[in-house]
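> okay, sequence plus prediction incoming.
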Amino acid sequence: STAPAILEAKKAVATNAVAEPPSAYEKDTAILHRTPFQPPTAVSAEGLYFTLADGSRIIDAVGGAAVTCIGNGNPVVKQAIKDQVEKLSYCYNTQLSNEPAEQLAKLMLEYAPGAFEQVAFTSGGSEAMEAVIKLACQYFHETKQPQRTNFISRQLSYHGNTLGALSLSGHPSRRKVYEGILNHTSFHHVSPAYAVRFKKEGETDEQYVDRLAKELDDKFQELGPDTVIGFVAETVVGATTGCVPAPKGYFRAMKAVCDKYGALFILDEVMSGMGRMGTTMHAWQTLGDNVAPDIQAVAKGLGGGYVSIGAVLMSPRVSKGIREGSGYFFHGHTYQAHPITAAGSLAVQKVIKDDDLLAKGAEAGVYLESRLRATLLDKSSIAAPYVFDIRGGGLFWGIEFELGEKQTPKPFGALLQAKTMEKGLIIIAMAGSLEGGKGDFAMLAPPYNVTKEEIDMIVKIFVESVEDLVKEYLV
Ligand code: PMP
């Protein structure tokens with residue numbers, strides 16, 4: 001069970017937050033990868049473990065990108081997909097609907113009774129966010145307010161890599177190359193809710209929330225209140241700053257501003273939703289002040305990695321607007337509501353319910369948090385001085401680092417990702433997006449059925465990796 005030799009630190013650079021074109025790019029591959037190096041090849045997976053082409057095994061502590069929520073190789077899901085292939089593999093959604101997709105949509109409405117009335121399926125998270133943008137726009141077309149053409153989202157957000165979703169995103173390194181072709185006319189940004197970095201000294205949570213709500217209100221005024229389609233936010237920020245929940249009362253306050261001006265309140269739960277935060281299916285039901293959005297996107301955990309699926313949930317308000325207007329969505333793709341995809345997703349949802357994985361995930365999350373705090377913040381650990389914050393919820397945990405005046409030859413997050421890989425552990429770690437390159441973070445998001453022993457192993461390798469880097473570069 002050793003890590004593959006291919007993962008030498010010199011080759012590894014963090015995947016997403018690389019500000020400069022990577023110099024170590026190896027072109028000996030037929031696939032144009034998202035990594036600046038040729039990643040090793042996975043051949044099989046069971047639970048949290050991948051077996052690679054060279055026979056070595058590695059443990060995945062982040063479910064790919066918070067995708068794998070019930071582990072790999074689940075027999076119930078495998079069987080459901082096989083059965084569906086036998087029955088009906090494809091029908092085009094403008095011509096025919098299908099049973100698994102209809103059942104999945106009904107089930108998704110049951111997760112938050114009364115909050116949502118209809119569902120539109122997509123093939124992933126970015127597609128879901130594109131659909132959100134177009135649905136929100138269509139809603140105001142149907143309700144005779146076509147002058148509403150502006151979206152307000154947040155700096156340091158990530159909503160996807162397609163051009164609409166990237167225009168919405170406020171993440172400098174992902175936008176950088178494409179800035180010139182992004183939409184700067186309809187997409188506007190306000191501050192994130194990121195208390196450990198941006199709450200002023202002496203400011204209470206309440207005052208901080210008031211300040212952010214005032215900033216949103218000012219942005220509505222600046223753009224013209226009746227020109228705004230909606231405000232969009234990740235309930236818990238994932239891939240840009242690492243599992244950052246908002247202060248209590250934040251979402252209630254932001255929704256109130258949207259309501260005041262008749263705009264839509266929109267949540268992106270592509271990463272933080274579908275049970276990832278434990279206890280409830282939607283993150284907003286626990287960490288979003290229990291304020292239901294007018295429109296919501298989900299993906300990742302919806303298919304648990306077995307199938308490529310995303311979805312848009314719409315409230316009775318939005319549903320009614322469309323129903324009483326044209327009556328259908330002016331948007332879609334060839335593979336939406338795909339029968340095999342829907343059957344696989346339905347089976348994942350069945351496993352979550354039958355195995356009581358929301359409760360188990362919540363319990364495992366409490367244990368993961370306690371182990372992270374006990375080890376990383378232990379005064380005797382050489383890592384402790386560099387751990388700036390541990391935050392998250394459920395099985396979605398971010399560890400932010402702060403090196404002070406010290407420097408590492410590459411961003412600490414990039415080095416950490418490479419270091420854990422060397423030791424046979426997959427995590428997501430990234431260079432920081434804050435001023436001066438600060439805010440490096442690591443993310444852990446194991447499946448909801450992760451065991452205590454697995455958590456112990458993950459935390460052990462993770463802490464050793466951080467300590468190795470501290471020894472190598474910082475002390
Ligand atoms: N929104 C959020 C909040 C995400 O975290 C992601 C993916 N990390 C996306 C949208 C895009 O999803 P996908 O990669 O499936 O297109």
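Structure's in. What do you need? This one's a predicted model, so the numbers in the text were calculated from it and none came from an experiment. Numbering: from 1, shown residues only.
> what is the neighbour count of residue 398?
The number of residues packed near residue 398 is 23, by other Cβ atoms under 10 Å. Where you see a C-beta, it was placed from the backbone N, CA and C, and this is true even at glycine.
> what's opposite it in the beta bridge?
residue 391, residue 443 (DSSP bridges).
> report the contact partners of it.
Residues near residue 398 by Cβ atoms under 8 Å, 6 or more residues apart in numbering: 241, 242, 243, 244, 389, 390, 391, 392, 441, 442, 443.
> also residue 442?
Taking Cβ under 8 Å, 6+ apart, we find residue 442 in contact with 242, 398, 399, 401, 413, 416, 417, 427, 428, 429, 462.
> what does residue 46 give?
Residue 46 is in contact with 71, 72, 73, counting by Cβ under 8 Å, 6+ apart.
> what's the answer for residue 206, then?
Residue 206 neighbours (Cβ under 8 Å, 6+ apart): residue 249.
> ramachandran coordinates for it?
phi -60, psi -40 (degrees, to the nearest 10).
> same thing with the one 4 residues further on?
In this entry, residue 210 is assigned phi and psi values of phi -60, psi -40 (degrees, to the nearest 10).
> for residue 199, see how far away it is.
12 Å (Cβ to Cβ, to the nearest Å).
> between the two, which one's more packed in?
Between residue 210 and residue 199, residue 199 has the larger neighbour count (other Cβ under 10 Å), namely 18 against 14.
> before we move on, back to that, among the contacts of residue 398, the buried ones, what's the PyMOL command?
Buried residues among the contacts of residue 398 (16 or more other Cβ atoms under 10 Å), as a PyMOL selection:
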select buried, resi 241+242+243+244+389+391+392+441+442+443
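> for this protein, which residue is closest to the average position?
residue 271 (2.4 Å; Cα atoms, centre = their mean).
> find the nearest non-adjacent residue to that residue, please.
Spatial nearest neighbour of residue 271, chain neighbours left out: residue 238 (3.7 Å); criterion: Cβ to Cβ, 6 or more residues apart in numbering.
> next: residue 325.
Spatially, and ignoring its direct neighbours in sequence, residue 325 is nearest to residue 142 (2.8 Å; Cβ to Cβ, 6+ apart).
> swap in residue 434?
Spatially, and ignoring its direct neighbours in sequence, residue 434 is nearest to residue 197 (6.5 Å; Cβ to Cβ, 6+ apart).
> quick one: the helices in the protein?
Using DSSP state H, the helices of the chain run over 63-66, 75-87, 99-110, 125-142, 163-168, 172-175, 195-198, 205-223, 250-260, 316-323, 339-354, 357-376, 412-422, 452-469.
> to the ligand, which of the ones you listed lies closest?
With Cβ to the nearest ligand atom as the criterion, the ligand lies closest to helix 125-142 of the helices of the chain, at 2.1 Å.
> how about the closest one and the ligand, touching?
Yes - for helix 125-142 and the ligand, the contact criterion (Cβ under 6 Å from any ligand atom) is met by 125, 126, 129.
> the residue nearest to residue 434 against residue 439, yeah?
Yes - Residue 197 is within contact range of residue 439, at 7.1 Å (criterion: Cβ atoms under 8 Å).
> give me the more crowded residue out of the two.
Neighbour count, other Cβ under 10 Å: between residue 197 and residue 439, residue 439 has more, with 26 against 18.
> state the pLDDT value of that one.
What the model reports for residue 439 is a pLDDT of 96.
> OK, contacts around the nearest residue to it once chain neighbours are set aside?
In space, and not counting its chain neighbours, residue 439 is closest to residue 432: 3.0 Å by Cβ to Cβ, 6+ apart. Residues near residue 432 by Cβ under 8 Å, 6+ apart: 17, 411, 413, 438, 439, 440, 441.
> from these, pick the one nearest the ligand.
Out of the contacts of residue 432, the member with the shortest distance to the ligand (by Cβ to the nearest ligand atom) is residue 17, at 12.5 Å.
> look up how far the ligand lies from the closest residue to residue 359 other than its chain neighbours.
Excluding its sequence neighbours, the residue lying closest to residue 359 (Cβ to Cβ, 6+ apart) is residue 279, at 7.3 Å. Distance from residue 279 to the ligand, counting by Cβ to the nearest ligand atom, to the nearest Å: 20 Å.
> around residue 279, count how many other residues there are.
17.
> pLDDT score assigned to it?
We note a pLDDT of 94 for residue 279 in this prediction.
> residues in contact with it?
Residue 279 neighbours (Cβ under 8 Å, 6+ apart): 285, 286, 358, 359, 362, 394.
> how does it look with 6 Å?
286, 358, 362 (Cβ atoms under 6 Å, 6 or more residues apart in numbering).
> and residue 132, by the same measure?
Contacts of residue 132 (Cβ under 6 Å, 6+ apart): 295, 297, 312.
> could the residues you listed go into TSV alongside distance to the ligand and pLDDT?
Formatted as TSV, the contacts of residue 132 follow (distance: Cβ to the nearest ligand atom, whole Å; pLDDT from 0 to 100):
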residue	distance to the ligand	pLDDT
295	13	99
297	7	99
312	12	98
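> could you find the closest non-adjacent residue to residue 440?
Here the residue nearest residue 440, using Cβ to Cβ, 6+ apart, is residue 413, at 3.8 Å.
> and the gap between that neighbour and residue 443?
Per Cβ to Cβ, residue 413 is found 10 Å from residue 443.
> which residues of the chain lie near the ligand?
Residues of the chain lying near the ligand (Cβ under 6 Å from any ligand atom): 65, 124-126, 129, 158-160, 234, 238-239, 268, 270-271, 299.
> quick check: the two most widely separated of those?
Spatial extent of the residues of the chain next to the ligand (Cβ to Cβ) is set by the pair 124 and 234 at 15.8 Å.
> what's around residue 373, how many residues?
12.
> now for residue 221, how many residues are close by?
Residue 221 has 11 nearby residues by other Cβ under 10 Å.
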